[in-house]
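Novice: structure, please.
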Amino acid sequence: MDRLLIGLIVLAAYIILGTAVAIASRKRLEAGEEGFYIAKGRLGSFLSAMTYAATTYSSFMVVGLVGFAYSTGVGALGFELVYLISTLGLLIIFSRRVWRRARERGWVSPGEMLADIYGSRMVAVVASIIFLVSLVPYASAQLKGIGEAVAGLAGGGDQYYTIGVLLGVAVMLVWSLVAGIWSVAATDALQGLWMLIAGTMLLLWLVAELRSSGLGVVEAFRVLEEAGLAGPGGFWSIHIFLAFTIPWMFFAVTNPQVVQRLFMPRDEGSLRNMVRWFGVFGLYYTVLVVLVGLLARAAYEAGVLGISVDPADPAQRDRVTPSLLYIASPLLASIVFTSIVAASISTVDSILLTLSSSISRDLGAGRRAGLAGLIVVAGVLAGVALARLQYIVLLSVLSSLMLLSLAPATIAGWLGRRGDPRLVAASMLVGPVIVAIATVTTGSVKAAFVSRPMGIPISIWILAVSTLLVLVAGRIRGS
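Specialist: Predicted coordinates:
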């Protein structure tokens, strides 16, 4: 049977199953925006953990991080583990405090949270606009992941890439609108389990294929060591590592779709389990995905399996996983391909729902406008994904870079600090403004991302300036 046909059959079966799960979850949906956007804080341990994990780990991992590890070596593991450790640290310190305040104050959107903390709706409006602008690269990267996977399964072709992007948009809209967060959380659980199983199968297959080609795991790492990919150095200079990791370290604080998940667990036990199980999921999936990328690079260096993706060309990084799918058996390729679609849809579903809540509540447009905005934003994301502007890792971290300036204001607010809302709002705008200035002065987004004004990475500049403004805001409020 044709590879593409098998892939479409497996994907269709998955979409039917996911749609059935989404529809079944509708019986739990309660009236009102609180029920639609945060389930009125009634998610149990399993759904809380799986929706947090599935929202966080997207096609950035199974497509983007595989290609990143393939191109840059074991430093990619350090980059992603810094994110996981930082996220767990922030959740351990702040999650219970935020969860309690959300229940006491009735927070629904992250912007609403900030407005309540600083006593100004203007803060919510500014934050929401930043969310709407900054999350476009990250969300479009998920659609790009789907498009690349479909194209890889079909053996290449721009028309298949386009089909993949449009298919992703259609499914995520349906699953978001059927029952709001209930349908998203329920399908996230399905998607998370599918991601784990498919990733494990891909790794085991790759190890078996390398062994049959005379290249065991130990020999593969010797090949990587000889190529300078098994340790620090190479691509991973200090300033590059900082450029990629600093925005990622504050992901749990700055990205509204994950902040909003702190409002959803039904009790403190569910919240603790959410953090615990997310950590287990994240560690396993991170190591798994990086191993796939490293072993694929070892196969390339040893000239086995027919992998031909040029590791020196950043534009080809997102084609490593699709190239593996083209080599694998049609059934395995279809299962992994479907996991990519699943991972991407889960993340974009969550982003769309969060942005919809911002439009409805923070911008004061109302629920109907929020739902209409969800559809409009989905169209924008599709347009950006079809343009294929950058590779997935850069698009994802770029969003976190623009959102980075929300970290000082959010953390200060969670710690109970107050400040002049005008300066707090100004501090939030630092990230998008500095990224825009750097892009103009360097001539490209990629150059801006790794730029070092006065020898200091741009991410540190964003953190320093926004933190200074928050500190000054606190002094003005306190005087």
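
Novice: mind giving me the domain split of this structure?
Specialist: The record's domain parsing of the chain by automatic domain parsing lists 3-393, 404-479.

Novice: can you list those in TSV and add mean neighbour count?
Specialist: Just so you know, the C-beta spots here come from the backbone N, C-alpha and C atoms, and that holds for glycine as well. What follows is these, written out as TSV (neighbours: other C-beta atoms under 10 Å):
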stretch	mean neighbour count
domain 3-393	21
domain 404-479	19
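
Novice: make CSV out of these and add mean pLDDT.
Specialist: Shown next, in CSV, are the domains of the chain (pLDDT from 0 to 100):
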stretch, mean pLDDT
domain 3-393, 89
domain 404-479, 89
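
Novice: next helix or strand past the helix or strand containing A151?
Specialist: Using DSSP states H and E, A151 sits within helix 121-153. Reading on from helix 121-153 to the C-terminus, the next helix or strand found by DSSP H and E is helix 158-179.

Novice: from the chain's centre, how far out does that next one sit?
Specialist: 17 Å (C-alpha atoms, centre = their mean, to the nearest Å).

Novice: ditto for stretch 117-136
Specialist: If you compare the mean C-alpha spot of stretch 117-136 with that of the full chain, they lie 19 Å apart, counting by C-alpha atoms, centre = their mean.

Novice: so who does S25 touch?
Specialist: Applying C-beta atoms under 8 Å, 6 or more residues apart in numbering, one finds that S25 lies in contact with 178-179, 182-183, 185-186.

Novice: and those residues, which two are the farthest apart?
Specialist: Across the contacts of S25, the longest distance by C-beta to C-beta is 11.9 Å; it joins V178 and A185.

Novice: that older thread, in CSV, list the contacts of S25 along with distance to I146.
Specialist: Formatted as CSV, these follow (distance: C-beta to C-beta, whole Å):
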residue, distance to I146
V178, 20
A179, 22
W182, 23
S183, 19
A185, 21
A186, 20
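
Novice: now, which of those sits nearest S95?
Specialist: Among these, A185 lies closest to S95 (C-beta to C-beta), at 17.1 Å.

Novice: re earlier: quick one: the helix holding A151 to helix 158-179, angle?
Specialist: Angle, helix 121-153 to helix 158-179, by axes from the mean of the first three to the mean of the last three C-alpha atoms, to 10 degrees: 130 degrees.

Novice: offset the numbering so it begins at 812, please.
Specialist: Yep, numbering from 812; the last one is helix 932-964 now.

Novice: S1155 is in contact with Q953, isn't it?
Specialist: Yes. With contact defined as C-beta atoms under 8 Å, S1155 reaches Q953; the gap is 3.8 Å.

Novice: which residues does stretch 1184-1195 contact?
Specialist: If you take C-beta under 8 Å, 6+ apart as the criterion, stretch 1184-1195 is touched by 943, 947-948, 950-951, 954, 976-977, 980, 983-984, 987-988, 1159, 1163-1164, 1166-1167, 1170-1171, 1176.

Novice: name the helices or strands packed onto the longest helix anywhere in the chain?
Specialist: With DSSP state H applied, the helix covering the greatest number of residues in the chain is identified as helix 1079-1113. Contacts of helix 1079-1113 with other secondary structure elements, assessed using 3 or more C-beta pairs under 8 Å, 6 or more residues apart in numbering; DSSP states H and E, are made with helix 856-867, helix 877-883, helix 886-916, helix 992-1023, helix 1028-1037, helix 1131-1138.

Novice: mind listing residues that contact the fifth one?
Specialist: Think helix 1028-1037. Residues from elsewhere that reach helix 1028-1037 (C-beta under 8 Å, 6+ apart): 884-885, 1018, 1021, 1026, 1041-1042, 1105-1106, 1108-1110, 1112-1113.

Novice: now those residues as TSV including distance to P921?
Specialist: Formatted as TSV, the entries for those read as follows, by distance: C-beta to C-beta, whole Å:
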residue	distance to P921
G884	36
V885	35
V1018	41
L1021	44
L1026	47
A1041	40
G1042	39
L1105	36
L1106	39
R1108	38
A1109	42
A1110	43
E1112	44
A1113	47
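
Novice: need the max-distance pair from these.
Specialist: Checking these against each other with C-beta to C-beta, the farthest-apart pair comes out as V1018 and G1042, at 21.7 Å.

Novice: which residue is the nearest non-sequential neighbour of P1264?
Specialist: W1272 (6.3 Å; C-beta to C-beta, 6 or more residues apart in numbering).

Novice: you'd agree the one you found is in a strand?
Specialist: No. Under DSSP: H, G, I helix; E, B strand; the rest coil, W1272 sits outside any strand and is assigned helix.

Novice: how near is D1231 to I1287?
Specialist: For D1231, the distance to I1287 (C-beta to C-beta, to the nearest Å) stands at 4 Å.

Novice: oh sorry, the question was meant for I1156
Specialist: 44 Å.

Novice: and for A1193?
Specialist: On the measure of C-beta to C-beta, A1193 and I1287 end up 43 Å apart.

Novice: check V1091 too.
Specialist: 44 Å.

Novice: tell me the contacts of the residue lying closest to A913 once chain neighbours are set aside?
Specialist: What sits nearest to A913 in space, not counting adjacent residues and going by C-beta to C-beta, 6+ apart, is F1074, at 4.1 Å. Listed by C-beta under 8 Å, 6+ apart, the contact set of F1074 reads 849, 852, 909-910, 913-914, 918-919.

Novice: nearest to V1101 among the residues you listed?
Specialist: Here the nearest of these to V1101, counting by C-beta to C-beta, is V909; it sits at 30.3 Å.

Novice: residues contacting A1123?
Specialist: The contact partners of A1123, taken as C-beta under 8 Å, 6+ apart, are S882.

Novice: check which helix or strand covers A1275.
Specialist: For A1275, the element it lies in under DSSP H and E is helix 1269-1289.

Novice: what's that helix packed up against?
Specialist: In terms of contacts (3+ C-beta pairs under 8 Å, 6+ apart), helix 1269-1289 is packed against helix 1049-1060, helix 1203-1214, helix 1217-1225, helix 1232-1253.

Novice: quick one on the thing from earlier: and which of the contacts of S836 is nearest to V893?
Specialist: Proximity of the contacts of S836 to V893, judged by C-beta to C-beta, is greatest for A996, which lies at 27.4 Å.
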